[in-house]
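Colleague: using only what follows, build the 3D model:
(chains A and B)
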Amino acid sequence: MTTATRDIILPAEWRDFWALTKPRVMSLVVFTALCGLLAAPGSIHPVIGFTAILCLAVGAGACGALNQYFEADTDAKMARTSGRPLPAGRMDRESALHFGIGLAAFSVGIMGVAVNWLAAGLLAFSILFYAIVYTIWLKPNTPQNIVIGGAAGAFPPVIGWAAVTGDVTLLPVILFAIIFLWTPPHFWALALFMKTDYGAAGIPMMPNVKGQKSTRNQIFGYTFPMAATAVLPFVLGQTSWLFGAASVLLNIVFIALAYRVWRNDTTDAMAMNPEKQLFAFSILYLFLLFAIFAFDRMLIL
Amino acid sequence: MTPIDRPPYSVEETTIIRKRQAARARVMGFALVGLCVLFFLITIVKVGGAN
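Modeller: Numbers count the residues shown, from 1 in each chain, chains lettered A, B, ... in the order given. From the prediction side, this is the model:
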């Protein structure tokens, strides 16, 4: 429900509920979860596999809705987020809260009953971690928000794996670590050229708190453990040379772009082409790395 | 806001409300049909697996 021009309450459109789920974030969650599911040893019935991915997508939607419920006031202060349903006044907060809780309960319940309770437990933990630990506690209080909070985004491939095998071994933990270590350079590159936006909203992102130089140092610093972790599946003999070669190539490009960010010293967002290129490439990097990993594992299994 | 203390809606507003309610009902309908099919298939798979 939302207030129109003269205090008339109108029902929110279904598109606004859809927007609450952050469909673009959801698509990345679905993709990484699918890669975890395809890479896992063993087999899963296509209907149960589909159900697992659906539950993950709905769980990600719940995270998006709860995040927007808690951050409605902050979102209103940023140009990038001010058009969302809550800050734009197209929906009331209670509807977003009920929608988020409903999606979370549905996704965890169906995952547990139809797939297995380990996957359901991990899904429940990741939703609570994102909605409460990251959104309420970390994000407004510490510049390490996206470092620790990155764990929430790293769970989907582990859950996809657990949906098939019913357990969590070293390989899904490595997938978790790749996304966990990828998150800081990815988000801090964005935070560098969106510094003003985050600053206006009072969110303590690394560039606002520690400065741009320190952020660039940390971006470059994080790429090395990330790259080392990304080649681990090959080093441990869990993939063929195909993934090994692709991983090395993608990491070289990532490190080269991060090096350009490290060397850049401009404070003008318009001149931050290295940061924008790193941000754009980081999305492609994760997509290709996981796609090739899943393909490679399907070939050797 | 309860139906009793709602302000009177104009014809245009009533049209918008009905249109949105119909669209939401359609989406909910599709979702429920999809869930029925999904639950049916899950049941078949689970029962088949148990046998």
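Colleague: going forward, measure contacts and count neighbours with C-alpha atoms only.
Modeller: Fine.
Colleague: run a quick neighbour tally on A:Ala96.
Modeller: Neighbouring residues of A:Ala96 were enumerated by other Cα atoms under 10 Å in any protein chain shown; the total is 26.
Colleague: helices or strands up against the helix or strand it falls within?
Modeller: Counting by DSSP states H and E, the element that carries A:Ala96 is helix A:93-110. In terms of contacts (3 or more Cα pairs under 8 Å, 6 or more residues apart in numbering or on different chains; DSSP states H and E), helix A:93-110 is packed against helix A:14-20, helix A:46-70, helix A:117-128.
Colleague: for these, which one sits closest to chain B?
Modeller: helix A:14-20 (5.5 Å; Cα to the nearest Cα).
Colleague: go through the closest one and flag the buried ones.
Modeller: Residues of helix A:14-20 classed as buried: A:Trp14, A:Phe17, A:Ala19, A:Leu20 (neighbour count, 16 or more other Cα atoms under 10 Å in any protein chain shown).
Colleague: ok, stretch A:163-174 next?
Modeller: A:Ala163, A:Val164, A:Thr165, A:Val168, A:Leu171, A:Pro172, A:Ile174.
Colleague: can you give me how far that stretch is from the chain middle?
Modeller: Taking the mean of its C-alpha atoms, stretch A:163-174 sits 19 Å from the chain's own mean (Cα atoms, centre = their mean, to the nearest Å).
Colleague: and it, how far apart are its ends?
Modeller: Here the two ends of stretch A:163-174 are set 17 Å apart, with distance taken as Cα to Cα, to the nearest Å.
Colleague: about what we covered before: pLDDT check: weakest of the buried residues of helix A:14-20?
Modeller: Within those, pLDDT reaches its minimum at A:Trp14, with 93.
Colleague: contacting residues for A:Ala189?
Modeller: By Cα atoms under 8 Å, 6 or more residues apart in numbering or on different chains, the contact list for A:Ala189 reads A:Ile219, A:Glu275, A:Lys276, A:Leu278, A:Phe279.
Colleague: doesn't A:Thr239 belong to a helix?
Modeller: No: A:Thr239 sits outside any helix when classified using DSSP: H, G, I helix; E, B strand; the rest coil, being coil.
Colleague: thought it was touching A:Ile300?
Modeller: Yes: contact status for A:Thr239 versus A:Ile300: in contact at 7.3 Å, counting by Cα atoms under 8 Å.
Colleague: who has more neighbours out of those two?
Modeller: For A:Thr239 against A:Ile300, the residue with the higher neighbour count under other Cα under 10 Å is A:Thr239, and the figures read 24 against 10.
Colleague: quick one: that one from chain B, how far?
Modeller: Distance of A:Thr239 to chain B, computed by Cα to the nearest Cα, to the nearest Å: 31 Å.
Colleague: check what pLDDT that residue gets.
Modeller: In the predicted model, A:Thr239 carries a pLDDT score of 96.
Colleague: for A:Pro172, see how far away it is.
Modeller: Counting by Cα to Cα, the gap between A:Thr239 and A:Pro172 amounts to 13 Å.
Colleague: and what of A:Gly202?
Modeller: In this structure, A:Gly202 lies at 36 Å from A:Pro172, with Cα to Cα as the measure.
Colleague: packing partners of whatever helix or strand A:Val147 lives in?
Modeller: Assigned by DSSP H and E, A:Val147 falls within helix A:145-165. Contact here means 3+ Cα pairs under 8 Å, 6+ apart; on that basis helix A:145-165 packs against helix A:23-39, helix A:46-70, helix A:117-128, helix A:170-193.
Colleague: who in chain A is up against chain B?
Modeller: With Cα under 8 Å from any Cα of the partner chain as the criterion, chain A meets chain B at residues A:Ile8, A:Leu10, A:Pro11, A:Ala12, A:Glu13, A:Trp14, A:His45, A:Val47, A:Ile48, A:Thr51, A:Ala114.
Colleague: just flag the most distant two among these.
Modeller: Across these, no pair lies farther apart than A:Ile8 and A:His45, at 49.7 Å, counting by Cα to Cα.
Colleague: pretty sure A:Gly42 sits against A:Val164.
Modeller: Yes: if you go by Cα under 8 Å, A:Gly42 and A:Val164 touch, sitting 6.7 Å apart.
Colleague: hmm, back to that, select, out of the helices and strands packed on helix A:93-110, the one closest to A:Pro143.
Modeller: Using Cα to Cα as the criterion, the shortest distance between A:Pro143 and those is 17.9 Å, found for helix A:46-70.
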